[in-house]
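**Q** just the structure for this:
(2 chains)
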Amino acid sequence: MRGVGNRARRFGAGLPGMNTAEAAVPNNRDGIPGTRVDMIAAIDPAGAPEKQRVPEEQVSTREGGKEMERKKAVRRAEMVLMFIGIIAVLLGLLLGGDSTGGPQKPSISDVGDLDEATFAVVVASSYEKMVPILFPKAKMNVVTGWDEECLQVIQGKSDAVLWESSSLNEALEAYPQIMALGDPIGKLTFGWAARKTPEGQALCEEINAFVRTLRETGELDEIYKRWEDPEKAPDHVDFDLAPESGKGKLRFASCLDWQPICYENNGNACGYMIELIARFCASAGYTPVPEYVDIQSMLAGLGTGKYDLLCYGFDHWSESEDEAWFTDAMMEDDVYVLIAKDRYAGTVPTASQTKTGLAERLAEGIKTISERFEKNFIRENRWQMILRGLRTTLLLSICSVAFGTLLGGLICLMHRSSSPILEAIARIYVRLIQGTPIVLLLLILYYVVFGKSSVSAFWVCVLGFTLDFAAYAGEIFRSGIGAVPSGQTKAAVALGFGRFEAFTQVVFPQMVIHCLPVYIGQVISTVKLTSVAGYISVQDLTRVTDMIRARTYEAFFPLIFTALVYFCIAWMLMLCLRALERRVDPTKRKRIVRGVKMRDQG
Amino acid sequence: MIRVEHLRKEFSKSVVPITDLNCEIHEGDVVSIIGPSGTGKSTFLNLLNRLEEPTSGKIWFNGEDTTAPGYDLKRLRREMGMVFQNFNLFSHQTLVENVMLGPVRLLGKGRQEMYEQAMDLLQRVGLYSHALKYPSECSGGQQQRAAIARAMAMNPKVLLFDEPTSALDPSMVSEVLSVIRNLAGSGVTMLVVTHEMTFAREVSNRIFYLDEGIVYEEGSPSDIFERPARKKTRLFVHNIRCLDWHSPDGTMDYPGLRGEMERFAYRCVLSQRLMNLLNILLEETTTLLSQAAAPAAEAHIHVEVPERKGEAQVEIRWKGKPANILEEADEYSSSLIHHVCPNVVYEESGEWNCIRGSVRDAR
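**A** Residues are numbered from 1 along each chain as shown, chains lettered A, B, ... in the order given. Coordinates of the predicted model:
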């Protein structure tokens, strides 16, 4: 199947640093601090108060009404334009997305034509090692997901990919534009990896013995067959078989992106290897503590001792055992070369995309949309996963923003304190956090700081985003307070207010007006930043989408859909901002004195 | 009502605006505090309501030592209203809310009751119809009047005004001053730091002239403005600039003196002609002095320029045997000196000789 296996190889090359570094590079979801600062600067907090200068009474009510009408019309037009834009983009993607473009490339008739071709490989997969050995002159495009591999081929960015037989059918079904080229060109055998410690070695041997027994009784084949056909496979693996009196916990990690070996169905971990590990735990007396993360996280977690065992396909064909012990193989797979059909020189003609009319293409597109929608969101109750992911994202954002605001207030207080030590701490903190990509901060917290503790990934994430948000919020508050003339505090104190009351009565209400636009911008930014939570195995909205992509091998639908969800969240926050601004902006509220029966002033 | 004893405030070793200030203020006094910039007038007010901590000294208010530990500063500030140079109104609140905030929050007054009072106060300062405007929508004069109403709303025993008109456009000064004038007639104790001499003279019953970190001279307005007892006070109230030049051994460095003279003339914006006349006088007299039969042992030259009068008072004093150099002079020099300075006279007192007179730019 997928090149699963050999993530191990890469692993051998020196793991934690390398993996984290590479994890961050191809993914630009982490905010580059500069970018965010620019964004904040772009929302000019001074802009709004400036407008208040015009005494409103001078604008007669009738003119004021017209002005309001005009503004409303502009807003409505803006909104319509935005939706037209979104729909246009979607249609464009739908109609043009799958068609290949660019200059004609040489056709391919057999594996021999691929000597100097470009291969798409998944980072840290077996194929990253395998391609240079099989095709010494070939180039590689390194991507992060299996669906991306296929897209690379379809879009002509790469010429070919290597693919395991176990998931071949699914891939071909998801992408009718690709085909297997000839016979298998190799074999992969897969086993698990354990820590490079005596205990790890012992664990490997225990597993080997267990698997041998199963193989001898023929049960191993039975298990494999049970999962082979996705239609008939069970919808969960029973982990409750383990006896209480066991040898303690077995913390293992797996990556659920490989049907039928380890994958997610309806929120449950399923697959051949998952059943195998459940049975092993039961028979050997371990209490299973599973965690489902991505490949890079798995490897990093094994290195730091977060996991005892990686229950995934580590292949054996070119392994160096410097960093881990490997069990014997418990399954094997053929490796095929996949190419785009329209590049094939032989007689498998593409269902030639004869140029049909726009209406027909549109109708076809709509049909495809409904099919794809069903596949990506309805089948196996995937919408429930999405809801769970959305809940996680929202919870994560809310907690981070709430705690981050408190911590930011503290940072701001320290920054303004008269003690040079506190001030220096605050300044260093802000510089440090603003200078660290959030992904690295999360990885460091999860695998280094809390590497051995049992704090859940979710709370580590909350901590990470809290630290990040606090650094920015602190600065926002500081500039907000700085925008309130200090004379007003002095005046409040001279009236008889204490310092604290002077702050709450006079400084705070004005500071809010100054801070609000930038603050909400930062909140939106943080909501979007939580999309990197998947790096440390939190199943947020983005990670759930990744999981769906891994199951359906489709990129288009899940990606666009998720982007839309994030956009909607951001949009709602912007609406909140507008409403809040209207509330806190003194010139926009009614000119009344609250709690008072007012005199007529003519 | 307020007694200040040996008050001292140091901001740093070299910046000591108040060195040893003593004074007493009685109930109903309207005290104007005048003096050159940087002599601690504003600092003095800030020390009175304890926005600044005194370095040493004592301030008694209603028989209580406000510098004693445990003294309730918030109560003190409630009883001492303050009006600032920059108004410092709360910009997120309308004028009437500005006036209401303190009494409602600090004196526990009902909102309705305070609203009525606030509107009355605003009416008193002529802002009734502006009650629902925000400070940013008002002129400086309106803001300052609102700030006065805000201070009055706390019903204070003392009102402190820190240069209430300095930040205002000249056209708005009078409206604020007339509000303060009305207050002064109502019997509130007031301390007003101001540069408006006419106002100080007309409104207050006492004037403090602050200089050298102390109350340098105090008295009734007529004492201070018409009969100032001390030289610095006189120079200040008449807005006189002066040049002092001192030669400890009696030698006359005319080029050096001339350089200083020109810089002084530049600072005072003297007319070219007046400066030339002054130069002639100084050149002639210093030449005569250095050629005199009885050499001077020590000499002082003092030039005063009252504001906008086109004239300068000159006094040259030297130590030595009595010698009227005007008479010793040759005819040319003598006529030149008398031409430039028609009222020049010679005097002697003890071992000091003195020539004084005034130079006038006739045009």
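
**Q** average pLDDT for the strand or helix carrying residue A:443?
**A** Assigned by DSSP states H and E, residue A:443 belongs to helix A:438-443. Regarding helix A:438-443, the rounded mean pLDDT is 91.

**Q** packing partners for it?
**A** Helices and strands touching helix A:438-443, by 3 or more C-beta pairs under 8 Å, 6 or more residues apart in numbering or on different chains; DSSP states H and E, are helix A:15-24, helix A:457-482. Glycine gets a C-beta too; all of them are placed from N, C-alpha and C.

**Q** please identify which of those helices is closest to residue B:10.
**A** Proximity to residue B:10 (C-beta to C-beta) singles out helix A:457-482 among those, at 28.0 Å.

**Q** any idea which helix or strand comes after that closest one?
**A** Where DSSP H and E defines the elements, the next helix or strand beyond helix A:457-482 is helix A:486-495.

**Q** wait, does the helix or strand following that next one contact chain B?
**A** For helix A:486-495, the following helix or strand on the C-terminal side (DSSP H and E) is helix A:499-502. Yes: with C-beta under 8 Å from any C-beta of the partner chain as the measure, helix A:499-502 is seen reaching chain B through residue A:501.

**Q** in helix A:499-502, which residues are buried?
**A** A:501, A:502 (16 or more other C-beta atoms under 10 Å in any protein chain shown).

**Q** CA atoms only: put the helix or strand just after it into CSV for me.
**A** Following helix A:499-502 in sequence order, the next helix or strand is helix A:508-529 (DSSP H and E). Extracted in CSV, the C-alpha atoms of helix A:508-529 (Å, rounded to 0.1, in the frame of the first residue of the first chain):
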residue,chain,number,x,y,z
PHE,A,508,-9.9,50.5,30.5
PRO,A,509,-13.0,51.8,28.6
GLN,A,510,-10.8,53.8,26.3
MET,A,511,-8.2,51.2,25.9
VAL,A,512,-10.8,48.7,24.7
ILE,A,513,-11.7,51.1,21.8
HIS,A,514,-8.1,51.3,20.8
CYS,A,515,-7.4,47.6,21.2
LEU,A,516,-10.5,46.0,19.8
PRO,A,517,-9.8,45.8,16.0
VAL,A,518,-6.2,44.5,16.5
TYR,A,519,-7.3,42.2,19.3
ILE,A,520,-10.0,40.6,17.2
GLY,A,521,-7.6,40.3,14.3
GLN,A,522,-5.3,38.4,16.6
VAL,A,523,-8.1,36.1,17.8
ILE,A,524,-8.9,35.3,14.1
SER,A,525,-5.3,34.7,13.5
THR,A,526,-5.1,32.3,16.5
VAL,A,527,-8.2,30.4,15.3
LYS,A,528,-6.5,29.9,12.0
LEU,A,529,-3.2,29.0,13.7
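
**Q** lowest-scoring secondary structure element of chain B by mean pLDDT?
**A** Ranked by mean pLDDT, DSSP states H and E, the weakest helix or strand in chain B is helix B:325-328, scoring a mean of 80.

**Q** flag every buried residue along that helix.
**A** Applying a neighbour-count criterion of 16+ other C-beta under 10 Å, the buried positions in helix B:325-328 are B:325, B:326.

**Q** contacts for that helix, please.
**A** Here helix B:325-328 makes contact (C-beta atoms under 8 Å, 6 or more residues apart in numbering or on different chains) with B:285, B:288, B:289, B:292, B:293, B:334, B:337, B:344, B:346, B:355.

**Q** for it, list the C-alpha coordinates in PDB.
**A** What follows is helix B:325-328, C-alpha atoms only, in PDB (Å, rounded to 0.1, in the frame of the first residue of the first chain):
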ATOM      1  CA  ILE B 325      34.900 109.700  35.300                       C
ATOM      2  CA  LEU B 326      32.200 111.800  33.500                       C
ATOM      3  CA  GLU B 327      34.000 114.900  34.500                       C
ATOM      4  CA  GLU B 328      37.400 113.600  33.900                       C
END
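
**Q** chain center to it, what's the gap?
**A** Distance of helix B:325-328 from its chain centroid, counting by C-alpha atoms, centre = their mean, to the nearest Å, is 41 Å.

**Q** ditto for stretch B:41-54
**A** Centroid separation between stretch B:41-54 and its chain, computed with C-alpha atoms, centre = their mean, is 17 Å.

**Q** same deal with stretch A:106-124?
**A** Relative to its parent chain, stretch A:106-124 has a centroid offset of 29 Å by C-alpha atoms, centre = their mean.

**Q** span of it from start to end?
**A** In stretch A:106-124, first residue to last residue: 29 Å (C-alpha to C-alpha, to the nearest Å).

**Q** mean confidence score for it?
**A** Regarding stretch A:106-124, the rounded mean pLDDT is 81.

**Q** list the buried ones in that stretch?
**A** Neighbour counts using 16+ other C-beta under 10 Å place A:108, A:111, A:113, A:114, A:117, A:118, A:119, A:120, A:121, A:122, A:123, A:124 of stretch A:106-124 among the buried residues.

**Q** please tell me how far the nearest residue to the fourth one once chain neighbours are set aside sits from residue A:134.
**A** Yep, that's residue A:114 we're talking about. With C-beta to C-beta, 6 or more residues apart in numbering or on different chains as the criterion, residue A:114 has its nearest non-adjacent residue at 5.5 Å, and that residue is residue A:160. Residue A:160 sits 11 Å away from residue A:134, going by C-beta to C-beta, to the nearest Å.

**Q** next: residue B:112.
**A** According to C-beta to C-beta, residue B:112 and residue A:134 sit 89 Å apart.

**Q** and these two? Which one has more around it.
**A** A count of neighbours by other C-beta atoms under 10 Å in any protein chain shown puts residue A:134 above the other of residue B:112 and residue A:134, at 18 against 13.

**Q** show me what contacts the more buried one?
**A** Taking C-beta under 8 Å, 6+ apart, one finds A:185, A:186 in contact with residue A:134.

**Q** also residue B:268?
**A** Neighbour list for residue B:268: B:241, B:305 [criterion: C-beta under 8 Å, 6+ apart].

**Q** distance check, it against residue B:300.
**A** From residue B:268 across to residue B:300, the span is 19 Å (C-beta to C-beta).

**Q** do the same with residue B:13
**A** Using C-beta to C-beta, residue B:13 is found at 32 Å from residue B:300.

**Q** where exactly do the helices run in the stretch 151-300 of chain B?
**A** With DSSP state H, counting those that start in this stretch as the criterion, the stretch 151-300 of chain B has helices at B:170-184, B:197-203, B:221-226, B:231-237, B:254-267, B:272-291.
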